[in-house]
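> Build me a model:
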Amino acid sequence: VIKSDKMEFPNKNFPYPKQLNPKAVAFLRQAPKNDIENKSIPEIRKEMIGIGDYLFGKCLQGVNSENNNVDGRIPIRIYSSGSPVHPDKAHPAIVYAHGGAWCFGGLDMADEICSALAKKLDAVVVSVDYRLAPEHPYPAGLDDVYRVLEWVSENADHLKIDKSKIIVGGGSAGGNIAAAVALKAANEKGPRVFSQLLIYPACDLSACNTHSYLNYGNHFGLQKEMMEKAIEAYVPIEQERKNPLVSPLLAEDVNILPPALILTAGFDPLHDEGIAYADKLKQSGVNVVLLNYEKEIHGFVQFS
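This is a model prediction of the structure:
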């Protein structure tokens with residue numbers, strides 16, 4: 001990470017709570033100021049080139065990864081553990097959507113977490129390089145991930161996966177897309193989704209006004225201002241932000257959804273809506289495991 005004398009570091013002397021992970025505090029104090037208000041998404045995207053190598057790890061050793069595409073237009077990366085113990089058995093599968101506020105990121109961003117899931121679960125993980133906003137607003141990214149879910153189900157035998165154990169997952173904006181894909185599949189009687197893996201998901205894009213947004217929307221990594229700009233880029237029509245496929249928390253019939261594992265971070269602007277979505281699913285009879293990492297910030301799962 002290149003730093004210059006002209007850079008400002010607004011978190012340098014910020015009084016962080018004692019409960020916050022000291023490693024997170026050290027990380028946040030090094031974050032330079034980003035003039036989000038006066039920059040476009042493409043301009044911010046250019047400035048982020050190289051940051052991924054600093055923040056996110058690489059594919060784990062012993063995991064096979066292969067680049068491919070679906071329908072000749074959706075890039076994917078397929079991870080497998082390469083386990084020689086049961087080479088002919090059907091593995092569970094995970095269709096994974098990376099984070100990045102619907103506007104940033106790609107396959108490399110999720111290399112470590114996808115390879116870790118493949119290795120620890122002996123699963124086939126299919127990471128999706130879905131189209132990004134603002135060039136491709138809603139529902140482009142959602143449609144891409146849903147199409148990959150269909151493709152995985154259609155090619156279960158070739159991929160050596162158990163068609164009855166296909167999971168959809170993602171982090172942050174990817175968690176939002178994964179939740180929407182599960183909802184779409186249930187509503188439209190699409191491919192059967194075995195369960196959901198939602199890592200600090202964005203669940204309500206209609207308003208960034210929860211207590212966690214107000215308390216942690218500045219100085220804690222993920223900025224409220226950035227999320228508002230990203231939401232405007234992803235869903236430019238304000239009324240559309242109440243669509244359940246944009247804001248799963250606003251869905252009415254969630255009792256048809258598969259079980260969910262939801263991870264939240266205590267000092268994350270998205271904390272409250274992740275908790276609210278878990279509660280909503282539970283109240284509707286959906287089997288939910290909620291893991292709240294109280295000392296962590298948004299993105300911690302990938303900060304190796």
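> what ranges do the strands span in the stretch 151-300 of the chain?
Secondary structure of the stretch 151-300 of the chain (DSSP state E, counting those that start in this stretch): strands located at 161-171, 195-199, 260-265, 288-293.
> in the first one, what counts as buried?
Residues of strand 161-171 classed as buried under the neighbour-count rule (16 or more other CB atoms under 10 Å) are 161-163, 165-171. Bear in mind the C-beta positions are built from the backbone N, C-alpha and C, glycine included.
> for the record, mean pLDDT for that strand?
Over the span of strand 161-171, the pLDDT mean works out to 97.
> Okay, angle between it and strand 260-265 too, please.
If you take axes from the mean of the first three to the mean of the last three CA atoms, to 10 degrees, strand 161-171 sits at 30 degrees to strand 260-265.
> and the strands of the stretch 151-300 of the chain as TSV, adding distance to residue 275?
Formatted as TSV, those follow (distance: least, CB to CB, whole Å):
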stretch	distance to residue 275
strand 161-171	16
strand 195-199	12
strand 260-265	6
strand 288-293	7
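> Between the ones you listed, which one is closest to residue 143.
Proximity to residue 143 (CB to CB) singles out strand 161-171 among those, at 13.9 Å.
> if we can go back for a sec, mind putting the buried residues of strand 161-171 in a markdown table, distance to residue 241 included?
Formatted as a markdown table, those follow (distance: CB to CB, whole Å):
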| residue | distance to residue 241 |
| --- | --- |
| 161 | 34 |
| 162 | 36 |
| 163 | 34 |
| 165 | 33 |
| 166 | 28 |
| 167 | 27 |
| 168 | 21 |
| 169 | 23 |
| 170 | 19 |
| 171 | 20 |
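> Specify which member of these is nearest to residue 136.
Distance to residue 136 across the buried residues of strand 161-171 (CB to CB) is lowest for residue 170, with 16.9 Å.
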